[in-house]
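>>> I need the structure of the sequence given here:
(2 chains)
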Amino acid sequence: MRKTGAFLIFVLAGGCFAQAIADRAWQLEAAGNGADARALLEKAVRDNPRDVAGATALAEYLDRHGDPGTRAAYLKLLPLVDSDSTRKSAVARRLALLDLLAGDSSGAQRHLETYRAAGGTGLQIANAPTPSQPSSIIEIPGPIRSFARMAALSPDLKEEEVLGALARNVVTNGYQAANSSEALDQTEYLKLVVRYLSQARELAKLSGESKTIKVETCESTATADLLRVLGYRMRGGCGGELVLETVNASRAFLTIDSGFPLADLEQALRSNRPFSYNYAPTKVPVLYTADYWLTAKEKEKGEFIDAFLGDPSLCRLYLAMSKLDPNTANELRKNLTVQRIKAFSHVLDFFGGMIQIKNGKVPVPGGQKATPGWTDLAGVAPDTGSAFVERLISRDDGWLASYYDSLMRIEGPVLEYLTEPARMKRFYGALRGRVTSPGPARPVFRANTELMLLTTRMRMELNGKPHVPGGVEVWKQLFVQHPHGKYDGKLTKAASGWKDPDDVIEALFALCRKAVENEPLKIFMSVSDINRRREKALEPTTVDKLMRSFKVYGSQYPLFAEAPELGDKTILHYMDTAQSVFQIRDQGLKADTAGTLQGLVSLWQILHRQESLASADADVALAEILTPFAKIRSNRELFDAGRSGISTVLKYTKSPANANPSDRLLDLLAGTATPSDAEAHRQLVQNMIKLTEAQRLPSIKLLFDVADHLEAVGKGEKVNTALLNRLASRISEIQVPRAAMTTVEKNAMAFGYWTERHIDQQRKFNIRAQVEKAAADAEKLKDLRAHLAPMLRDAIVGLSYVHYAPPGAQILQTNPIFVRSHDFLGLQGSPQTWKHTEVFGTGWPSSAGGRLVGSLASLPYALAEAEQNFLVPSREQALIWGDLVPQMILTAKVPRWWNVPTSLVHWVGLHMREGESLLAEAALSDSRRQKVMDSLDRHAPPARARRIEYLLAAGKVPEALEQTTPAELFLLAADLAETDPGHLGADIRRLAAAQKDKLSYAAVSRAFGTPKPTLSNNNGPELLHLRTFPTLMGYSSRIMAESWESNLLYYAALADELHISPAQLNVLIPEWTQKTVERIFATHLEDWPALLRSLRAVGTDVRSQSRGGAAGAGIQ
Amino acid sequence: MRKLWIVGVAAALVGGAWLYAQDPARPTFRVKVDMVVLSFTVTDSKGKWVNGLKASDFRILEDGIVQKVNTFAEGNKTPVQVLENGQTRPMVVNAEEREKGNAADAFVGTNVFVLFDTSNYMYRGFVYASDAIADFIRGLDRADSVAVYTFSRNLSRPASLQKDHLEAIRGLRKAVAGDDAALYNALLLTLRDAANVPGRKVVIVFSNGPDNASMVAPDDVRVVAEDEGIPIYVISTNDASRDPVSTSVFKRISTRTGGQVYFAKTWQKQVEAFESIRESLGNSYTVTYYPQQNSNEQFRKVAVEIVSDVGKKYRVRARPGYRPKSGF
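Residues are numbered from 1 along each chain as shown, chains lettered A, B, ... in the order given. Predicted structure coming up:
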């Protein structure tokens, strides 16, 4: 049936004239001029409303763009094709799909009947009952809104999700180790929840049979009883003067914190009107009935919710089971006792998410070929189903389960390699070690990120061996000579015999079990990522240098990964220069040199990323920037080196010879040399100027002019007072850090000593007095430019700050010395000159505000991290996710869309709509559903994939769509584009064929991928199509955030729908991102549905504003 | 005269003089000459409010330059227009200006922004603070608008600026206890909101001081308040002696903006502090003016002189000055 898709109908329908219009419209659309295409088609339909070809072309156009008028257009088309059964059935089929997507099943049913009447066969709306888990209902006293506030649950949770989310909160936040024993103490969070339940029960009692708290009059006993429970009393007599005031602080706290409508009660009492408040208990389903979870003894003790909150191991078990796919959970429940599963609930919680039992068998990584291996490792065969799972989770404190989990997440040649039976056993042995305790599932958040990173990011050479950067020999030397102390005694001993890449990989597996920092793995990942996109891998000597320098300079390596054009020579040049800067003894000069150099390199990186600096010039440009910094001995040399760096950047960005460097650099940073949208470009430039001014930064041109003038004065030119005054004026605006510190604090603030000195030196520089003092001595006048070097550093560093400024940029707008305060040295003894950028000094009333410390390597992330607390949640506060938000901001600020063709945006939009359409098709045909699920099983975790499958089998398309991420929709369309395309598959192929040079999945990855500085050691945008990572411990939870790739794809589809040009995305995506963040209301770190809801809510707002605006302007 | 008023406001909104371009070729930045709103209180030698003074009793100076006052108001009374000859007359504004928020009643009453610390640090005093704030809102003049904001790590706006005081109390009673405290971040965002509102405005901070999450320094926030002409009142629930750093910061940000700080550990003291703030609002004078030509692009010192106070017995409390805004 797909071959009778709408596009073909159109072709068959064509009258010559309509055909010509449709062709013209398509050309316009393909060229990125969708709005004109639409206008042309709408005019054609207005001029000739009975013309089938025109009406078809318009309906298809609207369909391709996800326009809300699509259904109406097809409905108008339907009677026009009444006499042609083939066309009629195709239109009816499309209408049925659109009805399903809109949740209109009766409409879909009607159109399927039309479809069948016109000769169509094989489709019907699936209506299989959604397999339901056995469950019972428990009651939680009081309204869900109040309980959710107290238990920190999102009020958007569905009833069946409440206990699972609560279990997670109890596991992660409910208990802490007691000081004196091995027992666990309740945290303040849990104590409050328990106390709230107690108060809620008292209130429930007052609500009586009617489940409504009623107060008829102010003076009634009911009032007194209610106020006692709430912890309040009346001040002033009943009537207008009455005020409720706290009498019992603990109770009153619960009253307010749980959102009891106290103000309404007070107002009712003041006006002597009845007060009524529905206090019906909250009914939530409990998986497998309450009896499954509780022992007879526990049941006697009280209600389920009390037993649940009082037993963290029960919560962990509940959490683990609720994460499993329902079939698997049922199998385990049937075959294992609850006590048995409970004993390993921590393993199941961390590593159960990828386990499935299908038809009594457990699919294993590597498939049939690997089955003997898994049988060997587990001790039973995977086809024993729950018995295999039991062994998997219970065998070795969780190591085997973690191994299984990591391998289940990958596919392709790496999986082939790792699941070769002998190798699988060997690597498992290394991972497991001799002593298995403590296992990987002991903490509350999973700790062994390394294993997942290793298996996910490993890559294979053409010879079937894993890529080992630099070859085995350099790794052998690293382990034998271990520049910073032994990694592992046993491995050091074994390393001397290494011959094969397998030996290195085995060692890396062995190190994954260590709780301490795993430097070799980090080196392996980092250097592998440098090699990943290079035509020629790094030479062993280069790799050796990078390995040995990793501890100090490793944070700089993403720079090399982002620019595969860099030769070994330039990379080594960079390392040597960095080392030379590191060795400068004068701390002030060292900080200024590092800042100037890093600022220039950051400019080079941005301009290379934005393609303003040609790929072919990247290597030579960086080498030229580096050269003058090789041996800096004075500020005068530093100024010249900085100036030379700016000239190099301008030269390789094809800047006019007489260009004002400040203006030119801002233009380049805002966009390309010839921006496609002048207005968007102007906005970005203005924002940057505004922030530069807020930071009181001198312009680079002014500094260069002053330097030139000083030299000219030395040659006899008259002093240009106006010019010197301009600089003096700017210097006078530099403020001293406003600190009011005690001695203790001053001592503690040694961290910022050099930055304060840096600022102070600039403030004290009196250029007019210095020029006078130098009289006409040419050398002395030339030397004065040494004083300009610290200012040049700030001006250059400031450019990167304003380029990456997060939406709102409150810090840059408010703290005028934020850029100048960047500390390139850090604490004595822990030099941070070349380390990651970090945020320091938050929340210290006596300090001069927070500042950034370290190199500029991760400046965009640090700026986003520093700014995130300025975002204002649209609902209750403080439920924004810590690690996700900076990553979302980073994703909105690092990539730019100046060079993205409109057709690529449309191509992404087509994929998203094709993905939606395929989901709808899956609800009409079993065979189609199987294909769709085959794809989704590769991208979504099993439990969610099954949920989607059940919903599709029940014909609930909008609900299934709600469960599918934009990234998965995109991949679904991409997976089936060639073999089993849906309604829009032909359009996807047609457009790709017409613009082969512009449209590809690699191009989408570059344009709408996300930077992944920790996951792929690269700030360049990229799509990795990984299943979203689970919560990982500490710093590594950034990796979880980096695995989320849906935002930009979603925004691209939105832009396509609303005919927003790619250039405008440079302004809009940061705004949309801010709104998305402010609307996230998540319960826990892995609450991706909360992010999805927020993303879609912002999309709905944008659509409504855009279409409202368009309608207002007379555009349809 | 009505026309004059409109022209004046329009100039404030769009006008400006070239201030500064580091590179002559890039004409980008300029100073905006916005209307200055200056609120101040007058007390006698015993600290009692001095009421009933007229516009002609005052002389306003900026860097020593005498300013021409446009409007004058006492307490919550409707402002009057000050004519060239020093006489006053009621303000008349047309509908268009009213829509822009430049109506005379924009200066009737005060826009009060209450910023309530709901971080962990306030855990114990949370409910008492909530009661005290509710009492304060109830006692505000009908003409006053009030917003209730809360903060811990982030700012939250449970009740936006409104004249419906009951609704504001509803918002207050919805406050949720949070975790970390980012007082100065939240104060900055509150000031930014307040700056967008025409008329007289104050920010009242209710906190016990500690801040463990802000990225901006108190004095950078204070500068914003100074420049926007927004007095900051602080009610600290801590002993002044227990946290000297916060104490000195609170003193500085309140006095330098024309506000005041109260250290009120007990509920009773908090009520008294609010009462004092309310009195201060009700007994203040507000003038507006467009600054006379002044080449000073930096901090401009503002002084309020009482010409009728020959014996210099009165004390004026006002913000010490402001920096002219820069922008496009």
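
>>> going forward, measure contacts between C-alpha atoms and count neighbours the same way
Will do.

>>> Output the below-cut-off pLDDT ranges for the chain.
You didn't pick a chain, so chain A it is. A:1-17, A:179-182, A:443-448, A:673-676, A:735-754, A:828-829, A:844-848, A:876-881, A:1032-1036, A:1109-1116 (pLDDT under 70).

>>> ah, no, chain B please
In chain B, residues with pLDDT under 70: B:1-33, B:92-107, B:239-241, B:326-328.

>>> got the residue ranges for the helices in it?
Using DSSP state H, the helices of chain B run over B:2-14, B:95-99, B:126-139, B:165-173, B:183-195, B:218-228, B:244-255, B:267-282.

>>> Would you point out which residue of chain B is nearest chain A?
Taking CA to the nearest CA as the measure, chain B has residue B:212 as its residue closest to chain A, at 3.6 Å.

>>> ok, now which ones touch the residue of chain A found nearest chain B?
Closest to chain B within chain A is residue A:843: 3.6 Å, counting by CA to the nearest CA. For residue A:843, the contact set (CA atoms under 8 Å, 6 or more residues apart in numbering or on different chains) comprises A:849-850, B:181-182, B:211-215.

>>> Compare the residues you listed and tell me which is most surrounded.
Highest neighbour count within the contacts of residue A:843: residue B:215, with 31 neighbours (other CA atoms under 10 Å in any protein chain shown).

>>> ok, the nearest residue to that one once chain neighbours are set aside to residue A:382 distance?
Spatial nearest neighbour of residue B:215, excluding adjacent residues (CA to CA, 6 or more residues apart in numbering or on different chains): residue A:850 at 4.6 Å. Per CA to CA, to the nearest Å, residue A:850 is found 55 Å from residue A:382.

>>> picking up where we left off before, could you confirm the residue of chain A closest to chain B falls within a helix?
No - counting by DSSP: H, G, I helix; E, B strand; the rest coil, one finds residue A:843 to be coil, located in no helix.

>>> and residue B:278, how many neighbours does it have?
16.

>>> picking that back up, pipe the helices of chain B into TSV and attach distance to residue B:156 per row.
Output for these, formatted as TSV (distance: least, CA to CA, whole Å):
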stretch	distance to residue B:156
helix B:2-14	29
helix B:95-99	27
helix B:126-139	15
helix B:165-173	10
helix B:183-195	9
helix B:218-228	18
helix B:244-255	22
helix B:267-282	22
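
>>> In TSV: those helices, plus distance to chain A.
Formatted as TSV, these follow (distance: least, CA to the nearest CA, whole Å):
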stretch	distance to chain A
helix B:2-14	17
helix B:95-99	21
helix B:126-139	6
helix B:165-173	5
helix B:183-195	7
helix B:218-228	6
helix B:244-255	6
helix B:267-282	10
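
>>> Of all those, which one comes closest to residue A:560?
helix B:183-195 (36.6 Å; CA to CA).

>>> Identify the residues contacting that closest one?
A:869-870, B:111, B:113, B:115, B:117, B:149, B:151-152, B:154-155, B:201-203, B:205, B:209-211, B:213-218, B:221, B:224-225, B:228, B:230.

>>> Tell me the buried residues in that helix?
B:183-192, B:194-195 (16 or more other CA atoms under 10 Å in any protein chain shown).

>>> Over to stretch B:125-138?
B:125-137.

>>> so where do the strands sit in chain A?
A:135-140, A:175-177, A:184-186, A:212-215, A:232-235, A:243-246, A:275-278, A:282-287, A:838-840, A:851-853, A:1010-1012, A:1018-1022 (DSSP state E).
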